[in-house]
Every structure is written in C-alpha cells, then in structure tokens.
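**Q** Pasted the sequence and its predicted model underneath.
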Amino acid sequence: MADAVELGSVSTGIRAMFLLLTPQESSFEKVEDVPHYVQQATPFFIGLMVLELVVGMLKTGTAVVTISDGLTSVACGMISRLPLLVMRSCELTAYIYVWDHYRFLELPWDSAWTWWFSFLGVDFCYYWVHRCAHEVSIIWAAHQVHHSSEYYNLTTALRQSLTQQFMSWIFYLPLALIAPPTIFAVHIQLNLLYQFWIHTELIRDLGPLEWVFNTPKHHRVHHGRNEYCIDKNYGGILIIWDRLFGTFAPENEKVVFGLVFPINTFEIIHVQLHYYLHLWRRSTAYKTIGDKLSTFFKGPSWEPGKRRLGDHTEIPQVIGEEVPHEPSWLLPLQVYVVLNFLLVLRTYHDMLSQLTILGMTGYILLTLTALGYIIEQRPTAAFLEIFRCVVMMTMQSYGHMKPLPPPLAVLAKVR
C-alpha cells in the first residue's frame, strides 16, 4: 500500500477533495510516506474557485467574491501555513509522542477497519475541537478568523487562523492510544480537504445526503450570524454528531454571514489577532481572579452573573438586508494590489532554504499587511508600501528573492 497513487494525478486529487480515496491507496506504514495532501491540493483549490466564480457569474450575474475579501481570505490561509515551513504540525507531533509512549493497543496500519475507525475517530474529535472553539473564548479568539468574512464562497474556506493549530492538538490525543499515526496523518488532511467545497452558496440541497454528511446547506448555517445560526452545525465531514448532541439547525430564513459584531477591516494582522486584545481588555475590567479567568475560558458572550456560554440578548438582530463592508477604491489600486499579491504568492511558494525562511516570512507578513492598508486607504498606507518596496528591492539585490519580470521590476523601482 505504501506505493499508493500520489495526489499528483487529477483523479486522485479530486477524489481526495471529496473523501473518495480508498483505504488501499491511502494507508501507509511510515509517516514520511504519507503524501502532503493539503499542500498538493493547491491546483484543485484554484480550479474550484475559478469554476465557482464562472458559474456564479452565469447564475447570478454578479461576482461571488470581491477582491478585498477574497485576497484577505487567501492571505489568512497563507499565514496559517507559515509555521509548517519550520515545524511539523502540532497535532501530528503530539499524536506521535503519545503513540510512541502511551499506546495500549496497536491497530494494524494496513487494515481497512483501522482506516474507517480512524475516519470516524478524527471526525468525532474534530466535532469537539470545533465546538470548543465556539464555546471557549481563548480558542474562539483563534477561530473567529474563519468566521470574519461577510461573504460565503470557496475563498472563505481558506480564511484560517494562524494560532488555532497550537490549541487543537489536545483533542486528538485519545485517538493516539490505539490508532497508528500514519492513518491519523491521512485523515487529519482529508477531513480538512473535504471542508473546502462546502463553503459555497451555489449548491443549495443534496437530498438524502443532508441527513448524514456536512453539506453547503448545513455549513452555511454555521457561518451565519442570525440568532438561529449561532453555535450550530459543528460537524466536519459528518453532520450526525450535531444531530446526536443537539447542536443541529436546518437552514430556513436567509443566512447573513460573518461575525455578530463585524470587524470591518481587511488588515491581516488585525483580522488574525484582534480578539486576543479584546479579551485582555475585557478581563482587566473585572476585579476578581475568577471573573478574569472566566473571560478566557467561558463562552464569548459570558459576563459575570450569566451562565457559562452567556446568552444572545446582546447579539444584534439581522433582517437579511445587511450589506457587507466593502471599501470604495480606485481600479488602479485594485490592479496594483492584485499584482503584488500574486508576486508575494510566488514568493510564498519559492522559499528555497531554511536559512531564508524567517526573513521571507517577515516579508510576506509585511506585504500582506501593506496590501490591507492600501485596500482600506489608511493614511500610513503610502509610507508602509514604500518601506515594503525598499525591503523587496534589497532582498532581490542580495539574491534572496527571484527577480521580478523586467516590466514589473521597472515599475517597482519607480514606485
């Protein structure tokens, strides 16, 4: 089985996106043999996003994604993967440690029963990861990034948190007592890949599949800020966990997407980290140690005197006519931002050695921040962008970046 088909083939890649790989082709004896399914799925992400854009335009006459929101979502996805350039995922690292030192049963890695058991186990653990991310404020501070878009399309699936991966690993450790790390390494990726395609408004209903699987219809509810949508439909691949534990809600009235208190910004660092500062400020307003700690470990709506998860009395009511935040900015600025985003995207995929990773990571964060300032037309945007261009030209001069194509190089120097 170790010589199973790689994701490089179109057929295998597409089937991986929809959890259609067989146990025989996705079971491995060694962790190093497990393909990087998520990393190799990039062409399929791009293809499906383009397909959604075209179908959406034909179906509705309008674009399903805006430049400002779409680039912010993709930028969040880029940032969330940066730690993986220098370290293995926290989830897999912790899992292997527990398996090596504390396992009390060793299921065979080449058994289809092990593969299906691990599929259910990973999805069950994900349900609780996801539920706690909504019910524990310090974890919500990370997860809110994914809910911050007021649009719902395939780019929203890429709007991931930089910090949530440092908290979610603990939920998978019980599975490490019996299931091999190789099978876990497969399913933790397939679980994430499956959730990409359910972020769309174009697929309305999938009939009987709605009873068992998480679908776009169910996940739209999860991303809604309508009162009936709050803290519902946590499932990853299967919706049965929500039906079993009482957190399921069907889609009925029009779903309004985003956070209950929209952040109205595309500045990437703020999108990622603003809620941590919000929690700190809230905690300092309380006098007792218990209330200060409760700010971080109870629900986002909690206040002294309220139940653990708080209540929804202060959530703004939605009427279905809310308009997403979208700045008015000139077409030349939009072209400039898109071109520079594509250039930093190339840099992101061209990191050649461990020695340059730290500097390149800083440059990527600087660029994405500067582009967010330009989108919002902040007063300091020009200064930050000039500084970024100086950094870029310096790095190119010393050979730490691939040179720009000649026309763009001239434009960058003039800028």
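**A** Received it, and whenever you're ready, just let me know what you need. Numbering: from 1, shown residues only.
**Q** If we ignore the residues flanking it in sequence, what's nearest His270?
**A** Closest residue to His270 apart from its sequence neighbours, by Cβ to Cβ, 6 or more residues apart in numbering: Ile263 at 7.2 Å. For the C-beta atoms, the positions are set from N, CA and C on the backbone; glycine is no exception.
**Q** Then Val74?
**A** In space, and not counting its chain neighbours, Val74 is closest to Leu158: 5.4 Å by Cβ to Cβ, 6+ apart.
**Q** pretty sure the one you found is in contact with Phe45, am I right?
**A** Yes: counting by Cβ atoms under 8 Å, Leu158 touches Phe45, with 7.1 Å between them.
**Q** Name the residues contacting each of those two.
**A** Phe196 (Cβ atoms under 8 Å, 6 or more residues apart in numbering).
**Q** Would you quantify the distance from the residue nearest to Val74 to Ser73?
**A** Applying Cβ to Cβ, to the nearest Å, the value for Leu158 to Ser73 is 5 Å.
**Q** Now for the residue nearest to His270, how many residues are close by?
**A** Residues within reach of Ile263, counting by other Cβ atoms under 10 Å, total 18.
**Q** Specify the local secondary structure of it.
**A** coil (DSSP: H, G, I helix; E, B strand; the rest coil).
**Q** what residues go with each domain of the protein?
**A** 10-245, 331-414 (automatic domain parsing).
**Q** Of all those domains, which one is nearest Asp311?
**A** Relative to Asp311, the nearest member of the domains of the chain by Cβ to Cβ is domain 10-245, separated by 10.3 Å.
**Q** Can you get me the start-to-end distance on stretch 307-321?
**A** Its first and final residues considered, stretch 307-321 spans 31 Å by Cα to Cα, to the nearest Å.
**Q** Which positions within that stretch qualify as buried?
**A** Neighbour-count burial for stretch 307-321, with 16 or more other Cβ atoms under 10 Å as criterion, is recorded at Leu309, Gly310, Val318.
**Q** quick one: low-confidence parts of the stretch 1-150 of the chain?
**A** Where the stretch 1-150 of the chain drops to pLDDT under 70, the residues are 1-8, 86-87.
**Q** and with 80 instead?
**A** When residues are selected by pLDDT under 80, those of the stretch 1-150 of the chain lie in 1-10, 84-88.
**Q** ok, Leu192 to Leu177 distance?
**A** From Leu192 to Leu177 the distance is 23 Å (Cβ to Cβ).
**Q** try Ile138
**A** 26 Å.
**Q** higher neighbour count, those two?
**A** Remark: of Ile138 and Leu177, Ile138 carries more neighbours, 18 against 13, as counted by other Cβ under 10 Å.
**Q** ok, that one touching Phe296?
**A** Yes: the pair Ile138 / Phe296 is scored as a contact, 4.4 Å apart, by Cβ under 8 Å.
**Q** Identify the contacts common to these two.
**A** Leu279.
**Q** Now the closest residue to Ser294 other than its chain neighbours: which helix or strand?
**A** Ranked by Cβ to Cβ, 6+ apart and with sequence neighbours excluded, the top spatial neighbour of Ser294 is Trp302, at 6.2 Å. If you go by DSSP states H and E, Trp302 is not part of any helix or strand.
**Q** which ones are touching Trp302?
**A** Trp302 neighbours (Cβ under 8 Å, 6+ apart): Ser137, Ser294, Thr295, Arg308, Leu309, Gly310.
**Q** So what does the closest residue in space to the third one that isn't next to it in sequence have for phi and psi?
**A** Yep, that's Thr295 we're talking about. Excluding its sequence neighbours, the residue lying closest to Thr295 (Cβ to Cβ, 6+ apart) is Ser283, at 4.1 Å. Backbone geometry at Ser283, expressed as degrees, to the nearest 10, gives phi -70, psi -30.
**Q** List the contacts of Ser283.
**A** Asp291, Lys292, Leu293, Thr295, Phe296.
**Q** rerun at 7 Å
**A** Lys292, Thr295, Phe296 (Cβ atoms under 7 Å, 6 or more residues apart in numbering).
**Q** measure it to Arg159 for me?
**A** In terms of Cβ to Cβ, Ser283 sits 26 Å off from Arg159.
**Q** Ok, Glu376 next?
**A** Using Cβ to Cβ, one obtains 17 Å as the distance from Glu376 to Arg159.
**Q** What of Cys132?
**A** For Cys132 relative to Arg159 (Cβ to Cβ), the value is 19 Å.
**Q** Just put the domains of the chain in CSV and tack on distance to Val271.
**A** Formatted as CSV, those follow (distance: least, Cβ to Cβ, whole Å):
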stretch, distance to Val271
domain 10-245, 6
domain 331-414, 8
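**Q** Can you tell me which of those is most buried?
**A** domain 10-245 (a mean of 18; mean count of other Cβ atoms under 10 Å).
**Q** ends of that one, how far apart?
**A** Domain 10-245 has an end-to-end distance of 37 Å (Cα to Cα).
**Q** Next: stretch 372-380.
**A** End residues of stretch 372-380 are separated by 11 Å (Cα to Cα).
**Q** Name the helix or strand for the closest residue to Leu71 other than its chain neighbours, please.
**A** In space, and not counting its chain neighbours, Leu71 is closest to Phe341: 5.4 Å by Cβ to Cβ, 6+ apart. Using DSSP H and E, Phe341 sits within helix 331-349.
**Q** Give me the mean pLDDT for the helix or strand that comes right after that helix.
**A** Heading C-terminal from helix 331-349, the first helix or strand you meet, by DSSP H and E, is helix 354-376. Averaging pLDDT along helix 354-376 yields 80.
**Q** Also stretch 295-315?
**A** 89.
**Q** likewise stretch 257-277?
**A** 95.
**Q** Only C-alpha atoms, please: export it in CSV.
**A** Taking Å, rounded to 0.1, in the frame of the first residue of the first chain, the C-alpha atoms of stretch 257-277 are listed here in CSV:
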residue,chain,number,x,y,z
PHE,A,257,-22.7,35.7,7.1
GLY,A,258,-19.9,36.9,9.4
LEU,A,259,-19.2,37.8,13.0
VAL,A,260,-22.1,39.1,15.1
PHE,A,261,-20.0,42.2,15.5
PRO,A,262,-18.3,42.7,12.1
ILE,A,263,-14.7,43.9,12.3
ASN,A,264,-14.9,45.9,9.0
THR,A,265,-11.2,45.6,8.2
PHE,A,266,-9.0,43.8,5.7
GLU,A,267,-5.8,44.4,7.6
ILE,A,268,-4.4,40.9,8.0
ILE,A,269,-2.7,41.2,11.4
HIS,A,270,-5.8,42.8,12.9
VAL,A,271,-8.0,40.0,11.4
GLN,A,272,-5.8,37.4,13.0
LEU,A,273,-5.1,38.8,16.4
HIS,A,274,-7.6,41.5,17.4
TYR,A,275,-9.8,39.2,19.6
TYR,A,276,-6.9,38.4,21.9
LEU,A,277,-6.6,42.1,22.7
